[in-house]
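> The sequence and its predicted three-dimensional model are supplied below.
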Protein chains: 2
Amino acid sequence: MPPEAAPTVSDLARPPRTGTRSDSRLPLVLDAAARFFAEKGFGYTSMRDIAGAAGMLPGSLYYYFASKEALLVAVYAEGVRRITDTVLPALGAAEVDPWTRLANVCAAHLAGLLEDGDYGQVVIRVRPEDAPAVAARLTALRDEYEAIFAQAIDALPLPPRTDRRALKLMLLGALNWSQTWYRPGKDSPSVLARRFVRLLRDPLGQ
Amino acid sequence: MPPEAAPTVSDLARPPRTGTRSDSRLPLVLDAAARFFAEKGFGYTSMRDIAGAAGMLPGSLYYYFASKEALLVAVYAEGVRRITDTVLPALGAAEVDPWTRLANVCAAHLAGLLEDGDYGQVVIRVRPEDAPAVAARLTALRDEYEAIFAQAIDALPLPPRTDRRALKLMLLGALNWSQTWYRPGKDSPSVLARRFVRLLRDPLGQ
DNA sequence: CATCATACCAAACAACTGTTTGTTTTTCTA
DNA sequence: TAGAAAAACAAACAGTTGTTTGGTATGATG
C-alpha cells in the first residue's frame, strides 16, 4: 500500500477531483447544510431540507456525498477550518502579553462560534455521537482545534501547580456554552471574552 | 375563569388525578424516557424505543401523555426537581463560608448532572428548541433552577464592580459543558467542582 | 356482585426518512 | 463539432416516525 495523504474533505465527495465544472452547486449544498445543521441540529435536518434550499432534488445530493453523515463531516471540517483561521492570527501575535492574547483568542473563538456564520456553529452544536459512523472523525477534528486553543493557555505565566488542563476545560466550556444564552445585539464576543478572562485573572477571593 | 394553580407535571397527563391504580407503569415510562432522552437526545428517541423499554406498545403512551413533547416536559420537570433537591441542601448550609458553599453547590450540580441518573442529564442535554411546542415551558423550568444557583454566587464577598452575572454564566457554562468531556471513574464531580471554584477564587495573574 | 373508570392492547394511518437506480441535460475538452 | 465526463433529474424503494381509533382485560368501589 502506498502511503496516503491525510484525509481531507474531498475524500468524502464521490467523484475524483479531476475536472470540476464551474456551475456546480456544491457550495450551495454545503452552505445550506451548514445553515440547517447549525439552526436545527443534525438529526432534525432532512436531506430534503438541504436539497430544497440548494434548489435541487434530494437524490442529487448523493452525487456529491455518499451519505448524510459524510455531508456532515464536510461541513464540520470546514467549520473547524474557519474557526482555526480566525483564531490563529490572534494566537500568533507574539508582541502582546499572554493574558490579552488569550482574551483575543477567546474573542476570536466566540466570534467564529456566534457570529461568523453557520459553519462554526455546527462544530459546537452537533455532537459527534449523533453521527455514529463518523463520530471518530468529528471528535478528531474537534481535538485538533482544541490543541490550538490550548497553546494560548500554555503560554500563560501561571503560579506553579496550576491545573492548566482544568483551566482549558473551564474556559472552553464557558465559551461554548454561550451558544445557549447568547443573543446578538447585546454584548459582543470580544466584550464577553475580555470579561471572562478578567474573571479568571483577577483575584476574586480576598 | 377561576384562578388556576401553577401548572405541574401531572397537568400533562391526560386522566385527572382521581383514582390511580397501583399497577400503573407510568414510572417505568418516565424512567425509560429519561434514559433515552439523556443518552440519545430527544429527537433521536422514538416513542417505540420508550414503549419497548417500558414493556408496552407505542400507542399506549398516549394514555398518559398527549404527545411526545408533553412526555419530555414531564421528564424535564422531574429532572429540574431532582437537581434542585440535590443543590438546595448545599445552598442552605449557612455555617460554611460562601466560597466553600459555592463549591458544594457546584459539586451537587455536577453530581446531579453527571452521575445521579438520567433525569438530571436531560435538563442539560435537551435543548428547548428541539421541542418547539413546549420550548417556553422548558426554558422557564431551567431558568427557575438557575435562579437558585445564582444565590450561591450572590452570597460571595466579591470586590466591588464584579460582574456577578458574567460569573454565573461562566461557571454554569463550564459545569454544564462537562457533560461533553466527563468520563466516569476519573475525577469525581466534587473534585472537579473544587478545582473550578479554586481557579476562580485564586489569583492567576501576578 | 355489579359497575365503572383505569390501564392497556392491536392495528392501522399518513407523513416522512435516507437512499438507490436509470435516465437526461449540460458543460468542458480534444 | 463530436464525444466524454459532470451534474442533476425523476421516480421510486423500504423503513421509520408520531399519532389515532376502537376495543378489552383489570382492579377498585359501591
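Sure, I can see it.

> what about the residue nearest to residue A:142 when sequence neighbours are not counted, distance to residue B:34?
With CB to CB, 6 or more residues apart in numbering or on different chains as the criterion, residue A:142 has its nearest non-adjacent residue at 6.5 Å, and that residue is residue A:123. No exception for glycine: its C-beta is placed from N, CA and C like everyone else's. Relative to residue B:34, residue A:123 is positioned 28 Å away (CB to CB, to the nearest Å).

> Count the residues that sit near the residue in chain A that DNA strand C sits nearest to.
Nearest residue of chain A to DNA strand C: residue A:59, at 2.4 Å (CB to the nearest atom of the strand). Residue A:59 has 9 neighbours, counted by other CB atoms under 10 Å in any protein chain shown.

> same question, the one 4 residues further on
Other residues lying near residue A:63 total 14 when counted by other CB under 10 Å.

> Tell me the spacing between it and residue B:145.
Using CB to CB, one obtains 48 Å as the distance from residue A:63 to residue B:145.

> Likewise for residue A:176?
Shown here: residue A:176 relative to residue B:145, a distance of 20 Å by CB to CB.

> try residue A:79
Distance from residue A:79 to residue B:145, counting by CB to CB: 31 Å.

> quick one, which of the two is more surrounded?
residue A:79 (29 against 19).

> do the biggest helix by length in chain A and chain B meet at all?
Looking across chain A with DSSP state H, the single longest helix is helix A:68-92. No - taking CB under 8 Å from any CB of the partner chain as the criterion, helix A:68-92 and chain B are apart, separated by no less than 13.4 Å.

> Mind checking what helix or strand follows that helix in sequence?
Using DSSP states H and E, the helix or strand that directly follows helix A:68-92 along the chain is helix A:98-114.

> Could you tell me which residues of chain A lie near DNA strand C?
Residues of chain A lying near DNA strand C by CB under 7 Å from any atom of the strand: A:19, A:21-23, A:45-49, A:58-59, A:61-62, A:66-69.

> Which stretches in chain A count as helices?
Using DSSP H, the helices assigned to chain A run over residues A:26-40, A:47-53, A:68-92, A:98-114, A:118-125, A:135-154, A:164-181, A:189-201.

> Any buried residues in the shortest one, and which?
Buried positions in helix A:47-53, judged by neighbour count with 16 or more other CB atoms under 10 Å in any protein chain shown: A:47, A:49-51.

> Can you name every helix or strand that it contacts?
Packed against helix A:47-53, as judged by 3 or more CB pairs under 8 Å, 6 or more residues apart in numbering or on different chains; DSSP states H and E, are the following elements: helix A:26-40.

> tell me the angle the helix it packs on makes with helix A:68-92.
Relative orientation of helix A:26-40 versus helix A:68-92 (axes from the mean of the first three to the mean of the last three CA atoms, to 10 degrees): 90 degrees.
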